[in-house]
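Engineer: can you look at this prediction? I've put the sequence above it.
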Amino acid sequence: MTVEVGTVDSIKPGKMKRITAAGKSLLVCNVAGEFYTIDDMCTHEDASLYLGCLKGNEVECSLHGGRFNVITGAATSEPAEVALATYRTYLHENIVFVELPTM
Ligand code: FES
């Protein structure tokens with residue numbers, strides 16, 4: 001399943017956009033002009049990472065400060081330990097698309 005996120009300009013470098021698709025809440029992140037998509041929900045407890053902040057290629061959770069690499073999904077700082085799911089994200093004619101696995 002492919003989801004259209006919006007134009008490249010709609011997510012500025014260093015910013016995140018939250019989308020809902022296939023029943024999932026996802027975050028599309030612009031890291032210096034490259035786009036990456038991760039699950040919005042922190043793996044430590046139920047907190048939206050959209051409420052946190054993107055610093056370079058890491059998002060920091062606003063609840064306990066856990067961090068994740070948005071490129072790989074890896075948890076990089078405790079208390080987060082479990083990686084986030086990541087989703088293939090690509091550009092086509094200035095539009096950002098995310099591919100979700102089919103059920
Ligand atoms: S809920 Fe995100 S670090 Fe605890």
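Structural biologist: Great, that's in hand. Numbering: from 1, shown residues only.

Engineer: please count neighbours and contacts with C-alpha atoms only from this point.
Structural biologist: Fine.

Engineer: Gly73 - how many residues pack around it?
Structural biologist: 21 (other C-alpha atoms under 10 Å).

Engineer: and the pLDDT for it?
Structural biologist: The model reports Gly73 with a pLDDT of 98.

Engineer: and it, what helix or strand is that in?
Structural biologist: Gly73 belongs to no helix or strand when elements are defined using DSSP states H and E.

Engineer: also Ile38?
Structural biologist: Going by DSSP H and E, Ile38 is part of strand 34-39.

Engineer: run me through the strand neighbours of that strand, direction for each.
Structural biologist: Strand 34-39 has the following sheet partners, assigned by DSSP bridges: strand 24-31 (antiparallel), strand 86-87 (antiparallel).

Engineer: mind listing what's buried along the next helix or strand after the shortest one?
Structural biologist: Think strand 86-87. Moving toward the C-terminus from strand 86-87, the next helix or strand (DSSP H and E) is strand 89-92. Buried positions in strand 89-92, judged by neighbour count with 16 or more other C-alpha atoms under 10 Å: Thr89, Tyr90, Leu91.
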